[in-house]
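Undergrad: Here is my input; please provide its structure:
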Amino acid sequence: MIKALLLLVTLLTSHIGGDHVYKYLETRFPDPDKDLVEQYVSTQNPDGSWSDIDYHDTLRGAWKTNEHPSRLMRLATAWHYSQKPEVLAAARKGLDYWFKTRPICPNWWYNEIAVPYEFGITGIWLRDELTEDELKNTVDVMNQLKAWRTGQNKIWAARNWLLRGLLEDDKDFVHQCRDSIASEICVTTKEGIQPDWSYHQHGPQLQVGNYGGSYAAELSEFYLAFKDTPLAFSKEQETILKNYVREGLRWFVWKDWFDMSACGRQITPGAQTSKARSAKTSAAKLGIPADDFTGAKYYPYSDYGIYRTKDWYASVRMESDRIIGYEHTNAENMLGYFASDGAMLSRRDGDEYEDVSACWDWKHVPGVTSYDNGKPLWGTPDEKAPYNKSSRVFGKVVGDVLVMAMEYNRAGLHAHKAWFFTPEGIICLGAGISLDPGLGYDVLTAIDQRRLEGKVTTSEKWVSHEGTTYVLLDGNTYKIAPYKHTGSWYPIHPAYSKDEVSMDLLDIWIDHGKDPKDASYAYAVLPNGKTGAKSAKIAARSIKVLSNENGLQKVMVGGKVMTVDWNAAGNEISISQM
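TA: Residues are numbered from 1 along each chain as shown. From the prediction side, this is the model:
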């Protein structure tokens, strides 16, 4: 048996047997694909490297050189299951190559988190086969981790130290690492779980689908591993972890897709589905149903709202001067300049925005009022600075109604924006849309931009597509872009090609013209599954815009009156029944 795993058994066998622990470990690390392992063995160079790996890569994200320690981890896992000498020999040659060359990534995260983790798992599987020098060098690689970090980075760091403790048979250090992991199961206004059950990392920035998803994935694993042992989380910690998943993470999943607006900078191909799977897995490990629930929720610490019915899902991502908008760390998400400025996404099937990032017109983010200064979008001057300079961003839930509002003040563009969510649909109002004199920009409000699936029907005042109808409620007219959109995945993540890709998208917007002064809009998004004509009749019968002025935005839907009073000193939102 592997000595380090025997120590883990000793630590975890207060009430459960060692066989259970081994089965748990093997569940987390199943036997790798045999053909892939054979390929690694047969294509390895005599010095332990592989010709298809770029050992001089300088990318900060998706570092290609990391494929080498990833292969070592898979080879070591395969050795555990197969005990084939050629697999062990390949793993040891690969270790020797890394020890001699010590590649370094420009991004600290690979050097201190990813690579030490992969060497930790490799070392545990091979523990009884390693020479004294090989074990020392493995530990040296793991010691590239220099600090405990914060938030999810702290959990990753403590996990890696725990693996090192297992390799060195240091029971006290393993307990210390467990305590460090558990210390992050708390509610805070710093990095981590917020009082409203959203998740922040990299400052006051929503990261529920990025770091917050990894947080739930790692801690749900530790929850199972430590359960019913002396290392088990406290009841309070267990409650906090489950509440985060129940009231936070799972709300952002609709069917098999994670909300694109909450994916952080990770909006690469397949990201929405992989993040949804991870969230559902975390929920299942904690005994929490992942979907099949309805309701409305507003997250005041993240300026985010979600509305769920049995048939459709919608969300709005706003930002205030309290919140950092989208980041573009590691040259990822370089087009996301407007992506947190009131983005409203609605879904019925779930795949409406799947992998649209490469082909989106990022000045037409759905729900956003934006400007076109004739320059391409490419990051921001300071990604750590709040983009919207107003603090007047808020929301309120009463029964089956969600109201959200944002005073927008960014780069010379001003607006008062409000969203009213009811079971009938979403009413979207904008007033006071003005551009500072002399800027000379074109200004627009994007209604939607989604995958084109099936037929589009239109009239003078509405557009309908796949069960969702967009109805104008004022004197504005809409525009529709040509369906074919082209772009590249490279601005989304530099690991991808600059080659052009294309996708058919339905892109609808309202044009406010150049240098608007007190422009406005009013429209409804009705994801009710009905035809455009029927939806337009429903809107005419049940939706009334009572006011859409700079100081007062007010609608009535089915007898409910919802108000955003911008002149009020407090309690700006009111909801009443006629």
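Undergrad: where does the protein have low pLDDT?
TA: Along the chain, segments meeting pLDDT under 70 span 1-27, 379-386, 578.
Undergrad: how about the helices in it?
TA: In the chain, helices defined by DSSP state H lie at 3-12, 18-28, 34-43, 67-82, 85-101, 108-109, 115-126, 132-142, 151-167, 171-183, 211-226, 235-247, 271-285, 532-542, listed in chain order.
Undergrad: now, of the ones you listed, which is deepest in the fold?
TA: When you average the neighbours per residue for each of those (mean count of other CB atoms under 10 Å), helix 115-126 leads with a mean of 25. Every C-beta, even on glycine, is put in place using the N, C-alpha and C of the backbone.
Undergrad: So which other helices or strands are in contact with that helix?
TA: Applying 3 or more CB pairs under 8 Å, 6 or more residues apart in numbering; DSSP states H and E, we find helix 115-126 packed against helix 3-12, helix 67-82, helix 85-101, helix 132-142, helix 151-167.
Undergrad: could I get the helices of the chain as a markdown table with distance to residue 314?
TA: A markdown table is the format used below for the helices of the chain (distance: least, CB to CB, whole Å):
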| stretch | distance to residue 314 |
| --- | --- |
| helix 3-12 | 44 |
| helix 18-28 | 36 |
| helix 34-43 | 41 |
| helix 67-82 | 38 |
| helix 85-101 | 48 |
| helix 108-109 | 34 |
| helix 115-126 | 37 |
| helix 132-142 | 45 |
| helix 151-167 | 27 |
| helix 171-183 | 36 |
| helix 211-226 | 20 |
| helix 235-247 | 18 |
| helix 271-285 | 16 |
| helix 532-542 | 15 |
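Undergrad: Include distance to residue 178 when you put the helices and strands packed on helix 115-126 into JSON lines, please.
TA: Formatted as JSON lines, these follow (distance: least, CB to CB, whole Å):
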{"stretch": "helix 3-12", "distance to residue 178": "9"}
{"stretch": "helix 67-82", "distance to residue 178": "22"}
{"stretch": "helix 85-101", "distance to residue 178": "27"}
{"stretch": "helix 132-142", "distance to residue 178": "17"}
{"stretch": "helix 151-167", "distance to residue 178": "7"}
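Undergrad: what's the closest of the ones you listed to residue 500?
TA: With CB to CB as the measure, helix 67-82 is the member of these nearest residue 500 (26.7 Å).
Undergrad: and that closest one, what other elements does it pack with?
TA: helix 34-43, helix 85-101, helix 115-126.
Undergrad: need the longest strand for this structure.
TA: The strand spanning the most residues in the chain, taking DSSP state E as the definition, is strand 501-514.
Undergrad: ok, that one: who's next to it in the sheet?
TA: strand 442-451 (antiparallel), strand 479-480 (antiparallel), strand 484-487 (antiparallel) (DSSP bridges).
Undergrad: Show me which positions of that strand end up buried.
TA: Using 16 or more other CB atoms under 10 Å as the burial criterion, the residues of strand 501-514 that qualify are 503, 505, 506, 507, 508, 509, 510, 512.
Undergrad: Pull the distance from that strand to the chain's centre.
TA: Distance of strand 501-514 from its chain centroid, counting by CA atoms, centre = their mean, to the nearest Å, is 24 Å.
Undergrad: Report the spatially nearest residue to residue 552, omitting neighbours in sequence.
TA: Of all residues not flanking residue 552 in the chain, residue 565 sits nearest, at 5.7 Å (CB to CB, 6 or more residues apart in numbering).
Undergrad: so that neighbour makes contact with residue 574?
TA: Yes - between residue 565 and residue 574 there is a contact under CB atoms under 8 Å: 7.1 Å.
Undergrad: picking that back up, using a markdown table, lay out the helices and strands packed on helix 67-82 together with distance to residue 328.
TA: Converted to a markdown table, those look like this (distance: least, CB to CB, whole Å):
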| stretch | distance to residue 328 |
| --- | --- |
| helix 34-43 | 34 |
| helix 85-101 | 31 |
| helix 115-126 | 24 |
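Undergrad: Between those helices, which one is closest to residue 76.
TA: Taking CB to CB, helix 115-126 is the member of the helices and strands packed on helix 67-82 nearest to residue 76, at 3.9 Å.
Undergrad: check contacts around residue 135.
TA: With contact set as CB atoms under 8 Å, 6 or more residues apart in numbering, residue 135 has these partners: 123, 127, 167.
Undergrad: how about a cut-off of 10 Å?
TA: With contact taken as CB atoms under 10 Å, 6 or more residues apart in numbering, residue 135 is in contact with 123, 126, 127, 129, 167, 168.
Undergrad: Tell me the spacing between the closest residue to the second one other than its chain neighbours and residue 120.
TA: The shortest distance from residue 126 to any residue other than its chain neighbours is 5.0 Å, reached at residue 76 (CB to CB, 6+ apart). Plainly put, residue 76 is 10 Å away from residue 120 if you go by CB to CB, to the nearest Å.
Undergrad: hang on, the earlier thing: so how far is residue 63 from the residue nearest to residue 126?
TA: The gap separating residue 76 from residue 63 is 20 Å, by CB to CB.
Undergrad: now residue 493
TA: Going from residue 493 to residue 63 by CB to CB gives 12 Å.
Undergrad: can you list residues touching both of these two?
TA: Common contacts of residue 493 and residue 63, defined by CB under 10 Å, 6+ apart, comprise residue 330.
Undergrad: sorry, back to before: which among the helices of the chain is found nearest to residue 311?
TA: Between residue 311 and those, the shortest separation by CB to CB is 13.3 Å, and it involves helix 532-542.
Undergrad: In PDB, list the C-alpha atoms belonging to that closest one.
TA: Extracted C-alpha coordinates of helix 532-542, given in PDB (Å, rounded to 0.1, in the frame of the first residue of the first chain):
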ATOM      1  CA  GLY A 532     -45.700  37.100 -31.400                       C
ATOM      2  CA  ALA A 533     -49.200  38.200 -32.200                       C
ATOM      3  CA  LYS A 534     -50.600  36.600 -29.000                       C
ATOM      4  CA  SER A 535     -47.800  38.000 -26.900                       C
ATOM      5  CA  ALA A 536     -48.400  41.500 -28.300                       C
ATOM      6  CA  LYS A 537     -52.100  41.200 -27.400                       C
ATOM      7  CA  ILE A 538     -51.200  40.200 -23.900                       C
ATOM      8  CA  ALA A 539     -48.800  43.200 -23.600                       C
ATOM      9  CA  ALA A 540     -51.500  45.600 -24.800                       C
ATOM     10  CA  ARG A 541     -54.000  44.200 -22.400                       C
ATOM     11  CA  SER A 542     -51.900  43.700 -19.200                       C
END
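Undergrad: Who are the packing partners of that helix?
TA: For helix 532-542, the packing partners by 3 or more CB pairs under 10 Å, 6 or more residues apart in numbering; DSSP states H and E come out as strand 425-435, strand 456-458, strand 462-465, strand 468-472, strand 519-526, strand 552-557.
Undergrad: Could I get those strands in CSV, plus columns for distance to residue 349 and mean neighbour count?
TA: Below are the helices and strands packed on helix 532-542 laid out as CSV (distance: least, CB to CB, whole Å; neighbours: other CB atoms under 10 Å):
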stretch, distance to residue 349, mean neighbour count
strand 425-435, 17, 24
strand 456-458, 16, 14
strand 462-465, 12, 21
strand 468-472, 10, 25
strand 519-526, 15, 25
strand 552-557, 25, 22
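Undergrad: Now distance to residue 145 too, for those strands, in a markdown table please.
TA: Below are the helices and strands packed on helix 532-542 laid out as a markdown table (distance: least, CB to CB, whole Å):
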| stretch | distance to residue 145 |
| --- | --- |
| strand 425-435 | 46 |
| strand 456-458 | 53 |
| strand 462-465 | 50 |
| strand 468-472 | 48 |
| strand 519-526 | 47 |
| strand 552-557 | 51 |
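Undergrad: of these, which approaches residue 447 most closely?
TA: Of all those, strand 468-472 comes closest under CB to CB, at 5.3 Å.
Undergrad: how far does the closest one sit from the chain's center?
TA: 28 Å.
Undergrad: in its sheet, what does that strand sit against?
TA: strand 462-465 (antiparallel), strand 519-526 (antiparallel).
Undergrad: Which among those strands is found nearest to residue 327?
TA: Taking CB to CB, strand 519-526 is the member of those nearest to residue 327, at 27.7 Å.
Undergrad: Quick one: work out the angle between that closest one and strand 552-557.
TA: Angle, strand 519-526 to strand 552-557, by axes from the mean of the first three to the mean of the last three CA atoms, to 10 degrees: 20 degrees.
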